[in-house]
Every structure is written in structure tokens, then in C-alpha cells.
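Participant: build the 3D model from these lines:
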Amino acid sequence: MTAPTGGRPNAFAEALRAAVSERGITLARLRQQLADDGNVVSMATLSYWRSGDRQPEGAQSLAVIQGIEDRLRLRRGHLSALLGPSARLGAVPPPRLPFDEERENRETEETLVALRSSPQESLRDLSTQLTVQVGADGAVASIVMRSLVQATHGVITELPLIDVAPEETEVLSVISDVIGGRVDRGYLHPGHLISGVVIALDEPITVGDTTLIEFTESFPPGYPARQSAWHATSRPARETLIWVRFPPDAPPSWCEEYVETEDDYACVMRSVRGGSVHVARHGFGPGVLGIRWGYDGDPEPGHSGDE
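Facilitator: Sure thing, here's the model as predicted:
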């Protein structure tokens with residue numbers, strides 16, 4: 001247990017006090033009911049939680065909170081959603097849209113609103129890995145994405161994903177083979193450049209917990225050819241890895257790595273060895289990290305606008 005930090009001070013404690021009062025139950029009686037359910041907790045701990053001197057942390061304490069919600073006839077998440085960030089986990093900076101174009105940022109915000117996406121201020125990005133397969137035509141054929149995230153506040157039940165097409169299109173990429181969740185809803189912005197989906201997690205995560213999801217993104221006929229692979233993050237991520245694999249008989253004429261942040265843009269030419277190229281960063285974000293490539297007759301490196 002740690003002292004509560006961040007958010008509205010003692011919101012969890014206030015809600016717990018109100019619920020106990022409304023049910024007309026003593027802490028001693030509540031403690032006994034919890035013990036009967038297998039959720040053993042001390043009177044001192046319940047008193048700390050009710051007064052706001054401490055807040056629950058760890059899987060066992062959060063299981064007790066679910067038991068309290070059940071015993072007090074509250075909906076699941078009524079109390080746990082009010083928990084402040086864990087002091088053990090450290091501070092998480094607020095998310096910031098990573099794109100350098102005003103239109104992309106504006107339409108991304110509008111897409112998140114249309115998706116009714118849950119706020120993502122309570123997430124820490126631990127690891128994102130993209131394995132990108134390029135087709136014989138030189139365009140991206142599929143992307144397998146694996147993402148490990150951690151909850152730092154409340155309860156996380158879903159994750160939004162945003163896609164920026166190389167150019168305006170009415171054809172959406174396809175998310176399939178989802179492991180760890182399912183596609184719950186999607187949206188194509190009227191500008192036909194930005195789209196998004198929300199993945200509902202198989203199991204919600206609470207403070208300190210992590211979840212790992214994996215899915216495949218493919219591009220059906222009619223989707224604009226993409227000769228880039230990138231990951232945009234709205235906050236620092238512990239690990240970002242992009243691995244692009246080309247057909248053995250169709251290597252690109254040129255390839256470059258690029259980084260876009262709020263204050264800077266940089267790119268560097270890369271060699272494709274063994275039919276692939278990768279880029280890795282630790283602590284990168286907010287911003288866009290990517291790899292792009294081209295063939296004879298394509299725009300010169302550094303001037304492609306498909307990211």
C-alpha cells in the first residue's frame with residue numbers, strides 16, 4: 001500500500017465511505033463478509049482505505065476491492081476506477097498526439113471521440129514490436145503487431161488503435177488474428193485519411209497489471225500502396241522495435257530510417273542486409289519512428305509523404 005497520488009484527492013476513499021454509509025454496514029461486518037468470500041483483509045487496512053491515508057495496490061488488494069464492490073452491491077469498477085496512480089510505478093507523462101501535421105492531429109482526436117475511446121492517460125507503453133512483411137509489389141502486405149502495456153491508474157478494459165493511410169481512401173485496413181482481445185468497434189473519419197478501431201481486452205487490467213495483445217493488420221485491394229512502416233506513440237515507450245522483411249528477389253533501391261518529434265525531424269539511409277532491416281529505440285516518444293523504402297522511379301529519399 002502507498003499514499004494516494006494524482007487525480008482528485010481521496011476520491012476512492014470518499015466513494016468507499018459513501019457506499020458503506022448507504023448500506024448501513026460496519027467495517028467489522030464488511031471485513032467478515034469479505035473473509036467469508038475468501039478475501040482476507042485486516043481492519044487496519046480497511047480503515048486506512050476508508051480514511052484515505054492509504055490506497056489499495058497489488059493484485060490481492062484489488063481482488064478485495066472487487067469483493068467490496070460485490071458486497072456493497074456496486075457495479076464492478078465503481079471503486080477501482082477511482083484509484084490514483086501507483087507511487088510504485090512512477091509518474092506517467094500525459095499523452096500528446098505525435099503527428100506533426102495539424103490535420104492528422106485534429107482528425108485523430110475526432111476519431112478517438114467518435115470511437116468513444118476510454119481515456120488512455122492511465123497506460124504505460126512497455127513494448128511495441130512490429131514485424132512487417134513486404135509483398136512482391138514493394139508495398140506492405142501485412143503487419144504483425146505485439147504490444148505490452150501496463151495500467152497505472154484505475155481499470156483498463158480496451159485499447160484504441162489509429163491508422164493513417166498513405167492517401168485518402170474509403171478502403172480500410174483489416175485487423176485479424178487478435179490474441180488477448182477482440183475488435184469491438186471501428187470508425188473511418190470523413191476525411192478518409194484517419195481510421196481507428198477499439199480492441200476490447202479479454203481481461204481488464206488494474207493498477208500494476210500488464211496485458212499483451214497481438215494482431216495482424218492486412219491491406220485489401222484498393223488500399224493505397226504503403227512503402228513505409230512506422231509506429232506513432234503519444235508518450236515515452238520503454239521499447240519500440242520495427243522489423244521490415246523484403247522478398248528475397250525484390251530488395252528496395254533505397255531504404256531510410258526516420259524520426260519525427262514535436263521539435264525535430266531526422267532521417268538516415270539504411271542498408272538492407274539479408275532481406276530485412278530493423279530499427280529499435282528505448283524510451284522513445286512522443287513521436288513517430290519509422291522505416292520507408294523505394295524503387296527505381298520512386299520519389300527521392302526524405303521526400304516521400306506516405307508516412
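Participant: residues near D53, how many?
Facilitator: Per other CB atoms under 10 Å, the neighbour tally for D53 reads 13. Every C-beta, even on glycine, is put in place using the N, C-alpha and C of the backbone.
Participant: any idea of the pLDDT on it?
Facilitator: For D53, the pLDDT comes out at 78.
Participant: helix, strand or coil for it?
Facilitator: What DSSP: H, G, I helix; E, B strand; the rest coil gives for D53 is coil.
Participant: nearest residue to the middle of the protein?
Facilitator: L159 (5.3 Å; CA atoms, centre = their mean).
Participant: chain center to the helix or strand containing it: distance?
Facilitator: Assigned by DSSP states H and E, L159 belongs to strand 155-164. Chain-centre distance of strand 155-164: 5 Å, with CA atoms, centre = their mean, to the nearest Å.
Participant: tell me the helix or strand right after the helix or strand bottoming out on mean pLDDT in the chain.
Facilitator: Lowest mean confidence among the helices and strands of the chain (mean pLDDT, DSSP states H and E): helix 58-71, at a mean of 81. Remark: after helix 58-71, the chain's next helix or strand is helix 102-114, criterion DSSP H and E.
Participant: for the record, mean pLDDT for that next one?
Facilitator: So the average pLDDT for helix 102-114 ends up being 89.
Participant: list the helices and strands that helix packs on?
Facilitator: Judged by 3 or more CB pairs under 8 Å, 6 or more residues apart in numbering; DSSP states H and E, helix 102-114 is in contact with strand 155-164, strand 194-206.
Participant: on that earlier part again, might one say that the residue nearest to the centre of the chain is in contact with V149?
Facilitator: Yes. Contact between L159 and V149 holds when scored by CB atoms under 8 Å: they sit 7.0 Å apart.
Participant: okay, and the common contacts of the two?
Facilitator: Common neighbours of L159 and V149, counting by CB atoms under 8 Å, 6 or more residues apart in numbering, are L123.
Participant: which of the residues in the least confident helix or strand of the chain are buried?
Facilitator: When burial is assessed from 16 or more other CB atoms under 10 Å, helix 58-71 yields the following buried residues: S61, L62, A63, V64, I65, Q66, G67, I68, E69, R71.
Participant: check the gap between the third one and L16 for me.
Facilitator: By that I understand A63. Between A63 and L16 the computed distance is 16 Å (CB to CB, to the nearest Å).
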